[in-house]
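Asks: This is a predicted model, with the sequence first.
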Amino acid sequence: MEKIFGYIDQNLNRFIDELFVLLRQPSISARWEGVVECSQLLTGIMEKIGIKPRILPMGGERNPPLIYGEILNPEAKRTLLIYGHFDVQPPEPLEAWDSPPFQPTIHDGRIYGRGSADNKGQFFAHFKAIESVLKVKGKLPINVKFLLDPEEEVGSPSLNGFCRGNKSLFAADMALNSDGPMDTSGRPRLSFGNRGVIYVEVKARGANQDLHSGNFGGPIPNPAWRLVEFLSTLRKPDGTVAIEGFYDNIVPPTPQEREMMSKIPFDETKFMEKYGLKKFTPPEDVSYMEKLMFRPTLNIAGFTSGYGGQGSKTVLPCKAMLKMDMRLVVNQDPEDIFQKFMNHVKKHGFEDMDVTMVHYYYPSRTSVDHPMAPKFVEAIRQGFQQEPVLIPAGGGSFPGAAIRNILNVPILSVPYGNHDENNHAPNENLAIDCFKNGIRTTAALFYQLAK
Ligand SMILES: [Zn+2]
């Protein structure tokens, strides 16, 4: 490994220059800007390293270009599937950036630019690990396959169907995802799963236009009240979700998962202070980590109606909208939960509202005693020279379930982004040290998996 790590040190500046080429290419899936161009740029980059790329159109109106890549060694016994995504979030608000989002720059040891950490810089680390091993050793000790998603930032709408139709192409022993931030303590993380999510929009209508609240108020129904009444049916006084059957399929943490959670560094007092909080949501006997990893949520993400500007405006609004997300845990099924949500709407007589499901991800969990997990731990130790924090299930969502449950490949997540990477926000950045340690970790993982 020392020779490989030496190669990484000697070539790091060039690696960063090459990453800059990728970061200069916008690939904003939300408005379909540059995603196709980015896929073409990427296949060129992969070919140069020795990874055989293929653009696989996913079908439908937009026909998104999923990138498959492989580098096979006929003597290798194991195959690693690497998941990454090459689309990025919109960069707005532009004025909040210290440097333009698609003109990457370095300062204070960090690479700034949209996609630097989420996710171009992180999967690029895997590319450079492959290059380093090939240059030093001539071949990889395992087979590596890539699945680079063009639509992760918009909920990967085509991925489940595509995976169902292409199972054998992605066959592997193990999958790796590097996305998101490391632990706030500065230590790396190894995560065994993630929560799912379902996003819904609820709209209520009143009159066909806004009206004077005095000249018309009283006889005219207000759609904002309608939504408030609806919201009040969704939650019990103890804070639990009142949708019938919502908690039916939940699997509580195993003793090993509980033990893992108890070892996650977490300073409750400091945390409360940082976010200006006095207390957490009930129930009090369920820990912060368990609420975050093993309990579902029903969140009001947005509520808009009437006038919210300065001063007063006595208006009777004609429409009101709610945006809600539900974070789901194993084994809740987003389609089943949406059905239960709709049953609730009907049962309580709110059929006049307009409900749409925007997108969803399934929850996913790989067993914490999976026999390959210690190999990941050892690779992280070598790459970061630190002990990873082990996370039974991350609170956020990503399409891990497509790989875990559809392709049937156990997937583990090892984020290479610094904890303050500002993903989805202005001044997104990737610490150069994290990028380098990520390349080291991936290279070490190849050899751990080959054992
Ligand atoms: Zn993202």
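Replies: It's in.

Asks: need the helices for the stretch 251-400 of the chain, in chain order.
Replies: With DSSP state H, counting those that start in this stretch as the criterion, the stretch 251-400 of the chain has helices at 255-262, 268-274, 288-294, 334-347, 373-384, 400-401.

Asks: as a whole number, average confidence for the next helix or strand after the shortest one?
Replies: Proceeding C-terminally, helix 400-401 gives way to strand 411-413 as the next helix or strand, assigned by DSSP states H and E. Regarding strand 411-413, the rounded mean pLDDT is 97.

Asks: Return the list of strands paired to the helix or strand following strand 411-413, each annotated with direction.
Replies: Next helix or strand after strand 411-413 toward the C-terminus (DSSP H and E): strand 429-431. Applying DSSP bridges, strand 429-431 is found paired with strand 110-112 (antiparallel).

Asks: Need the residues that contact the strand it pairs with.
Replies: The contact list for strand 110-112, computed with CB atoms under 8 Å, 6 or more residues apart in numbering, reads 16, 19-20, 23, 98-99, 104-106, 121, 418, 427-432, 435. (C-beta placed from N, C-alpha, C; glycine too.)

Asks: Out of the helices of the stretch 251-400 of the chain, which gets nearest to R235?
Replies: Closest to R235 of these, according to CB to CB: helix 334-347, at 11.4 Å.

Asks: Flag every buried residue along the closest one.
Replies: P334, D336, I337, F338, K340, F341, H344, V345 (16 or more other CB atoms under 10 Å).

Asks: One more: stretch 415-426?
Replies: By neighbour count with 16+ other CB under 10 Å, stretch 415-426 contains the buried residues P415, Y416, G417, N418, H419, E421, N422, N423, P426.

Asks: and which of those residues is nearest E47?
Replies: Y416 (23.5 Å).

Asks: Might one say that that closest one is in contact with R440?
Replies: No. Between Y416 and R440 there is no contact under CB atoms under 8 Å: 10.1 Å.

Asks: Just the pLDDT for F86.
Replies: pLDDT, F86: 98.

Asks: measure it to D149 for me?
Replies: From F86 across to D149, the span is 7 Å (CB to CB, to the nearest Å).

Asks: Mind listing the shared neighbours of the two?
Replies: The overlap between the contact sets of F86 and D149 (CB under 8 Å, 6+ apart) is empty.

Asks: tell me which residues in stretch 61-73 are buried?
Replies: Neighbour-count burial for stretch 61-73 flags R62, P64, P65, L66, I67, Y68, G69, E70, I71 (criterion: 16+ other CB under 10 Å).

Asks: now those residues as CSV including secondary structure and distance to R295?
Replies: Formatted as CSV, the buried residues of stretch 61-73 follow (DSSP: H, G, I helix; E, B strand; the rest coil; distance: CB to CB, whole Å):
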residue, secondary structure, distance to R295
R62, coil, 35
P64, coil, 33
P65, strand, 37
L66, strand, 33
I67, strand, 36
Y68, strand, 36
G69, strand, 37
E70, strand, 39
I71, strand, 41
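
Asks: Can you tell me which of those is closest to V377?
Replies: Relative to V377, the closest of the buried residues of stretch 61-73 is I71; by CB to CB it sits at 24.5 Å.

Asks: My guess is the closest one contacts K52. True?
Replies: Yes. Counting by CB under 8 Å, K52 is a contact partner of I71 at 6.7 Å.

Asks: Give me whichever of the helices of the stretch 251-400 of the chain is most buried.
Replies: Among those, helix 400-401 has the highest mean neighbour count (mean count of other CB atoms under 10 Å), at a mean of 26.

Asks: Give the residue spans of the stretch 101-250 of the chain that score low on pLDDT.
Replies: For the stretch 101-250 of the chain, no stretch is flagged by pLDDT under 70.

Asks: residue boundaries of the strands in it?
Replies: Here the stretch 101-250 of the chain has its strands, by DSSP state E, counting those that start in this stretch, at 105-107, 110-112, 143-149, 174-177, 189-191, 193-194, 196-205, 211-212.

Asks: who does the last one touch, helix- and strand-wise?
Replies: Using 3 or more CB pairs under 8 Å, 6 or more residues apart in numbering; DSSP states H and E as the contact definition, the elements that strand 211-212 packs against are strand 315-316.

Asks: The strand it packs on packs against which elements?
Replies: strand 211-212.

Asks: Run through who's touching the strand it packs on.
Replies: G217, I220, T314, V315, L316, C318.

Asks: Please pick the buried ones from those.
Replies: Among the contacts of strand 211-212, those scoring as buried are V315, L316, C318 (criterion: 16+ other CB under 10 Å).
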